[in-house]
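Novice: fold the following, please.
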Amino acid sequence: MSKLAVVALGGNALLRSGQKCSYHQQIENVASAVESLLKLIDLGYNLVIGHGNGPQVGYVLLQHEAANRLYEMESMPMDFCVAETQGSIGYLIEMGLRNALNQHQIHRNVLSLITQVLVDKDDPMFENPTKPIGPYYSEQEVAELLMDTPDAKYKEDPKGNGWRKVVASPKPIEVMNADVVKQLATAGNIVITVGGGGIPVIKENGMLKGVEAVIDKDLASALMADAIQADEFYILTDVPKIYINFNKPNQQALDVLTIAEAKKLLAEGQFTEGSMAPKVRAAIYFVENGGSECIITEANSLGTPGCGTRIVR
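Specialist: The predicted model follows:
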């Protein structure tokens, strides 16, 4: 009987540091990333894939803002932009997977689901948006942008690179259609879902409504892994293992971390926010809620003996 794995692809799987958000560059990157996923299929896993969208949603926002300034076209809200990138990135991953599967003569259906994720309308993160998205602006450009979108919030980058739009990053509480994802995946189909953390929606008077927010894709993928009772949860990043004292002379790779050890290291500030810390929290969530283990590693190490750092109970 096949095992079920959820794999959260990092942003570097689609667009690496310093690269422009070009169509051909992303196709090339995806082709390399999905090849590693075939190792899990060879090991007997059914797959559900989540992915990030950080660089891509920034470019989409920039396109909407440019159209607003030049042609007075209405800028689309964040939930709409996340939906756009779910579709476009899902297409790239799906095409890359189909080509890789054909080359290896493996027959699997691959499908991408536009996925809404429910958040609490009273989540405290809405009162203090901190998640930076999109390009950097000068102070004058921010003043001009606020004339068109007065409710938007911008914060100055502490490194002096300019100002960026910030939005809330509320905690995901329910992934829509998780039961359908489980049915499809356990039947042997590869499902791409919770792209960019999912389209953020709230409930008001029993009705769904999109909100100006972004959801952490690793935590949303962990929620999906829990909801479909995945056997394992993989978080792919750009390093082979979790390190303490990262980038210091005494840095140390970790092979296994218990939940208690991971929480202790988080409290000590060993993991950087916006980098490894959210991944460790997502791993803790999955294992605390009944998962057997979460493995954090790089794509090229996937499926090899002793790969990555295992988060266990």
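Novice: okay, and Asn250 sits in which element?
Specialist: Using DSSP states H and E, Asn250 sits in no helix or strand.
Novice: what is the burial count for it?
Specialist: Residues near Asn250, counting by other Cβ atoms under 10 Å, number 6. No exception for glycine: its C-beta is placed from N, CA and C like everyone else's.
Novice: ok, Lys155 next?
Specialist: Around Lys155 there are 13 other residues, counting by other Cβ under 10 Å.
Novice: ok, now which ones touch it?
Specialist: Contacts for Lys155 were tallied using Cβ atoms under 8 Å, 6 or more residues apart in numbering; they are 130, 132, 163-164, 166.
Novice: are any of the residues you listed buried, and if so which?
Specialist: 132, 163-164, 166 (16 or more other Cβ atoms under 10 Å).
Novice: want to throw those into CSV with distance to Glu28 and pLDDT?
Specialist: Listed next are these as CSV, based on distance: Cβ to Cβ, whole Å; pLDDT from 0 to 100:
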residue, distance to Glu28, pLDDT
Pro132, 27, 88
Trp163, 32, 94
Arg164, 28, 91
Val166, 31, 92
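Novice: quick one, phi psi at the residue nearest to Gln270 when sequence neighbours are not counted?
Specialist: Using Cβ to Cβ, 6 or more residues apart in numbering and skipping the chain neighbours, the partner closest in space to Gln270 is Ile244 (5.1 Å). With angles defined as degrees, to the nearest 10, Ile244 sits at phi -100, psi 150.
Novice: partners of Ile244 in the sheet?
Specialist: Gln252 (DSSP bridges).
Novice: settle this for me: it is touching Leu254, isn't it.
Specialist: Yes - using Cβ atoms under 8 Å, Ile244 is in contact with Leu254, at 6.6 Å.
Novice: related to what we said a few turns ago, and the pLDDT for the residue nearest to Gln270?
Specialist: Listed pLDDT for Ile244 reads 97.
Novice: cool, Leu257 as well?
Specialist: Note on Leu257: pLDDT of 98.
Novice: count the residues that sit near it.
Specialist: Quick note: Leu257 (other Cβ under 10 Å) scores 23 neighbours.
Novice: and it, its phi and psi?
Specialist: phi -130, psi 130.
Novice: could you do Leu9 as well?
Specialist: Backbone torsions of Leu9, given as degrees, to the nearest 10, read phi -80, psi 130.
Novice: which residues does it bridge with?
Specialist: Beta bridges link Leu9 to His51, judged by DSSP bridges.
Novice: coming back round to it: and Ile244 and Leu254? Which one has more around it.
Specialist: A direct count of neighbours by other Cβ under 10 Å for Ile244 and Leu254 places Leu254 higher, at 18 against 15.
Novice: mind listing what that one touches?
Specialist: When contacts are counted by Cβ under 8 Å, 6+ apart, Leu254 touches 241-244, 309.
Novice: now, of those, which are buried?
Specialist: Buried members of these, counted by 16+ other Cβ under 10 Å: 241-243, 309.
Novice: in helices, which of those fall?
Specialist: Nothing among the buried ones among the contacts of Leu254 maps onto helices, per DSSP state H.
Novice: go through these and say which is closest to Lys264.
Specialist: Lys264 lies nearest to Ile242 out of those, by Cβ to Cβ, at 13.2 Å.
Novice: distance of the closest one from Phe80?
Specialist: Relative to Phe80, Ile242 is positioned 35 Å away (Cβ to Cβ, to the nearest Å).
Novice: beyond whichever strand or helix holds Asn102, next helix or strand please.
Specialist: In this structure, Asn102 sits in helix 78-103 according to DSSP H and E. As assigned by DSSP H and E, the chain's next helix or strand after helix 78-103 is strand 110-112.
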